[in-house]
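Asks: need a 3D model of the sequence below.
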Amino acid sequence: MAKCIMIQGTMSGAGKSLLAAGLCRIFRQDGYRVAPFKSQNMSLNSFITASGGEMGRAQVVQAEAAGITPDVRMNPILLKPTTDMGSQVIVGGVMQGNMRAMEYFRRKKEYIPAILEAYRSLAAEYDVLVIEGAGSPAEINLKQEDIVNMGFAELVDAPVLLTGDIDRGGVFAQLYGTVSLLSPKERARVKGMLINKFRGDIAILEPGLRILEELCGVPVTGVVPYLQVDIDDEDSLTDRFSRGMQRKCIDIAVIRLPRISNFTDFSPFERYENVSLRYVGRTADLYQPDILLLPGTKSTLADLLWLRQSGLAAAIHKLAAAGTLIIGICGGYQMLGSRIRDPQGVEAGDIREVCGLGLLPVETVFLSEKIQRQVRGAFGVIEGRLSCLNGLSYIGYEIHMGRSGEQSPLIGSGNVYGSYIHGLFDTPNVCDAILRTVCEKKGVLFEALGSFDAGQYRQRQYDLLADGVRGGVDMEYIYRILNREV
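Replies: I've put the predicted structure just below:
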């Protein structure tokens with residue numbers, strides 16, 4: 001059976017996912033067969049595996065860092081929030097339906113057999129499993145039914161590294177407070193503490209580290225610097241939404257819907273030096289982009305109403321009339337149609353029918369059966385601005401409850417298009433072709449944007465992440481933890 005080590009954090013956003021990815025990469029570099037694992041993830045950024053199962057993208061990133069194919073066993077439970085009080089529950093890659101938070105809290109121990117089956121089957125195939133916790137292990141109102149932090153660590157007898165985010169401030173209180181709220185049995189599992197996202201002179205930090213070790217009785221096993229790596233992050237905690245709004249040679253605006261999902265669809269555009277990708281939630285910030293992107297959402301009808309209330313719907317109509325290239329993905333594609341109906345209440349809200357933006361001749365009906373599959377093929381006969389895609393290959397995946405009629409990788413003509421395919425822009429040449437046609441219209445040389453090899457770029461980012469983690473962490477001590485020598 002595989003050896004294991006678990007990363008827990010003092011809070012959401014402490015950097016658990018990236019540290020886990022960094023350790024996956026390091027163990028792979030050191031010659032181990034390594035896989036990630038997170039028993040329960042809450043995220044609207046999901047992925048469809050080759051077998052058609054749905055899992056969180058954080059474990060997809062960690063699997064890529066480990067050099068292996070993503071597998072739903074790496075994330076046996078995925079919760080996709082539908083409202084502030086409930087989520088769609090996915091177990092083993094398959095949707096089980098919507099549950100209110102209290103119902104899931106009462107029932108979640110029922111999923112322990114499925115979690116352990118996934119974990120043990122992975123442990124039989126790999127040398128090392130890097131386990132990620134969720135939120136904080138010191139949520140004292142949730143500890144009794146925990147299946148993702150110390151509760152899971154006990155189930156599989158995992159040693160724990162506890163990480164805190166110094167960039168937010170108060171890291172000593174974070175770590176000391178978390179350790180203090182653990183039971184003696186739980187505290188014994190914490191074999192080391194990590195300071196994450198550090199900027200500055202470590203010599204100034206060191207006296208505090210020694211005091212922290214004395215107070216907690218746990219060694220500080222590393223200080224990881226604030227790493228400038230371009231790796232997909234999770235949901236509302238991403239800093240992508242708060243980045244500057246500077247417009248570059250080619251300007252792309254993404255509508256920041258309240259329940260935005262799979263925003264990583266658009267990451268490939270960020271990697272061109274002279275292309276700006278801005279997330280916009282107000283008409284005042286929209287300006288006149290060269291491309292407008294409507295992303296996916298977990299609550300299409302509610303977010304469509306928000307578009308109207310915010311004034312962004314009217315602004316989108318103006319841009320469409322002016323010839324701006326508009327592309328909607330999944331929920332964004334549905335919004336561009338003439339009407340959306342949800343007769344069975346699939347989206348777990350009170351809204352049953354909403355008029356769409358009327359920019360594409362499609363109607364969407366939500367059904368109870370979820371489509372989740374990987375897809376590949378070649379673009380057929382596309383008219384208008386994106387005729388440049390004709391004949392190009394694509395690969396991606398679909399995750400949707402809605403049905404919008406004609407099955408085609410890209411629907412539309414003129415300057416407005418929609419697609420159900422996530423990951424469409426990850427395909428080599430697709431981004432280039434779209435940006436080339438925009439450059440031609442604007443009178444800009446495509447070569448001025450800068451280009452890149454997406455695959456090589458992604459692997460380089462994982463190596464940079466591993467370099468940063470390896471340089472900041474006492475890896476000799478980590479291996480001692482892994483080998484149960486401490």
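Asks: now do the contacts for the residue lying closest to residue 252 once chain neighbours are set aside.
Replies: Excluding its sequence neighbours, the residue lying closest to residue 252 (C-beta to C-beta, 6 or more residues apart in numbering) is residue 291, at 4.5 Å. In short, each C-beta sits where N, CA and C put it, glycine included. By C-beta atoms under 8 Å, 6 or more residues apart in numbering, the contact list for residue 291 reads 250, 251, 252, 253, 324, 325, 326, 327, 434, 438.
Asks: what's opposite the second one in the beta bridge?
Replies: In this case it means residue 251. residue 276 (DSSP bridges).
Asks: next, the buried residues of the longest strand seen in the chain.
Replies: Longest strand in the chain, counting residues (DSSP state E): strand 363-378. Across strand 363-378, burial judged by 16 or more other C-beta atoms under 10 Å covers 363, 364, 365, 366, 370, 372, 374, 375.
Asks: the last one against residue 395, yeah?
Replies: This means residue 375. Yes: using C-beta atoms under 8 Å, residue 375 is in contact with residue 395, at 7.3 Å.
Asks: if we can go back for a sec, just put the buried residues of strand 363-378 in a markdown table and tack on distance to residue 30 and pLDDT.
Replies: Below are the buried residues of strand 363-378 laid out as a markdown table (distance: C-beta to C-beta, whole Å; pLDDT from 0 to 100):
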| residue | distance to residue 30 | pLDDT |
| --- | --- | --- |
| 363 | 54 | 96 |
| 364 | 49 | 96 |
| 365 | 52 | 97 |
| 366 | 48 | 95 |
| 370 | 39 | 93 |
| 372 | 35 | 95 |
| 374 | 31 | 96 |
| 375 | 36 | 96 |
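Asks: max pairwise distance over these: which two?
Replies: Taking C-beta to C-beta as the measure, these span a maximum distance of 26.0 Å, between 363 and 374.
Asks: what's the helix or strand for residue 129?
Replies: Secondary structure from DSSP states H and E places residue 129 in strand 128-132.
Asks: would you mind checking the average pLDDT for that strand?
Replies: The pLDDT scores in strand 128-132 average 98.
Asks: that strand: partners in the sheet, and parallel or antiparallel?
Replies: strand 3-9 (parallel), strand 34-37 (parallel).
Asks: hmm, who's touching the helix or strand that the longest one is followed by?
Replies: The element immediately downstream of strand 3-9 (helix or strand, assigned by DSSP H and E) is helix 16-29. Residues lying outside helix 16-29 but in contact with it, judged by C-beta under 8 Å, 6+ apart, are 5, 7-9, 34-36, 58, 61-63, 65-67, 127-128, 130-134, 161, 163, 194, 196, 224, 227, 229, 231, 233-234, 462-463, 465-466, 468-470, 475, 478.
Asks: need the buried ones from those residues selected in PyMOL.
Replies: Applying 16+ other C-beta under 10 Å to these, the buried members can be selected in PyMOL as follows:
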select buried, resi 5+7+8+9+34+35+36+58+61+62+63+65+66+128+130+131+132+133+134+161+163+194+196+224+227+229+231+233+234+462+465+466+468+469+470+475+478
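Asks: what's downstream of the helix or strand containing residue 79, the next helix or strand?
Replies: Element membership for residue 79 (DSSP H and E) is strand 77-83. Proceeding N to C from strand 77-83, the next assigned helix or strand is strand 86-91, under DSSP H and E.
Asks: which is the next helix or strand following that following strand?
Replies: That would be, after strand 86-91 and using DSSP H and E, strand 94-100.
Asks: the helix or strand just after that next one: which residues count as buried?
Replies: Later in the chain than strand 94-100, the nearest helix or strand by DSSP H and E is helix 101-107. Along helix 101-107, these residues count as buried under the neighbour rule (16+ other C-beta under 10 Å): residue 104.
Asks: elements contacting helix 101-107?
Replies: In this structure, helix 101-107 packs against strand 86-91, with contacts taken as 3 or more C-beta pairs under 8 Å, 6 or more residues apart in numbering; DSSP states H and E.
Asks: just checking: what are the partner strands of the strand it packs on?
Replies: Strand 86-91 is paired, per DSSP bridges, with strand 77-83 (antiparallel), strand 94-100 (antiparallel).
Asks: relative to residue 45, how far out is residue 16?
Replies: 15 Å (C-beta to C-beta, to the nearest Å).
Asks: ok, the two, which is more surrounded?
Replies: residue 16 (29 against 24; other C-beta atoms under 10 Å).
Asks: returning to what we had before: select from the contacts of residue 291 every entry located in helices.
Replies: Cross-referencing the contacts of residue 291 against helices under DSSP state H gives 434, 438.
Asks: may I ask which of the contacts of residue 291 has the most neighbours?
Replies: residue 327 (27 neighbours).
Asks: how about it, nearest residue that isn't a chain neighbour?
Replies: Per C-beta to C-beta, 6+ apart, closest to residue 327 is residue 417, 5.1 Å.
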